[in-house]
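1. Need coordinates for the below:
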Amino acid sequence: MEKANKCIACTVEQCKNHCQDQNYCKLDSIRVGTHESNPKMVECTDCESFEKKNI
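-> Got it, this is the predicted structure:
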């Protein structure tokens with residue numbers, strides 16, 4: 001069982017840092033960024049700690 005960080009909720013199962021048995025991240029911290037010059041909506045933000053899970 002992976003150690004879930006209950007401070008970082010996550011539902012992105014395609015990320016290798018996702019705890020597959022729970023909807024949490026297993027990292028101690030994450031980096032959040034944006035791909036927009038002036039973000040105004042949640043869709044403008046990104047989890048920059050995302051790593052594609054190898055299947």
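
2. Pull out the buried residues from stretch 19-38.
-> Judged by neighbour count using 16 or more other Cβ atoms under 10 Å, the buried positions of stretch 19-38 are 19, 24, 25, 26, 27. For the C-beta atoms, the positions are set from N, CA and C on the backbone; glycine is no exception.

3. got a list of contacts for that stretch?
-> 1-6, 8-11, 13, 15, 17-18, 44-49 (Cβ atoms under 8 Å, 6 or more residues apart in numbering).

4. from the chain's centre, how far out does that stretch sit?
-> Going by Cα atoms, centre = their mean, to the nearest Å, the spacing between the C-alpha centre of stretch 19-38 and its chain's C-alpha centre is 2 Å.

5. what pLDDT, on average, does it get?
-> Computed over stretch 19-38, the mean pLDDT rounds to 96.

6. Give me the distance between the two termini of it.
-> When the termini of stretch 19-38 are compared using Cα to Cα, to the nearest Å, they are 32 Å apart.

7. what's the answer for stretch 24-44, then?
-> 21 Å.

8. Counting by contacts, list what the top strand by length along the chain packs against.
-> As far as residue count goes, and with DSSP state E defining each element, the longest strand of the chain is strand 5-9. Where contact means 3 or more Cβ pairs under 8 Å, 6 or more residues apart in numbering; DSSP states H and E, strand 5-9 is packed against strand 24-25.

9. In its sheet, which strands sit next to the next helix or strand after the strand it packs on, and in what direction?
-> Per DSSP states H and E, the first helix or strand lying C-terminal to strand 24-25 is strand 32-34. Strand pairing for strand 32-34, using DSSP bridges, gives strand 45-47 (antiparallel).
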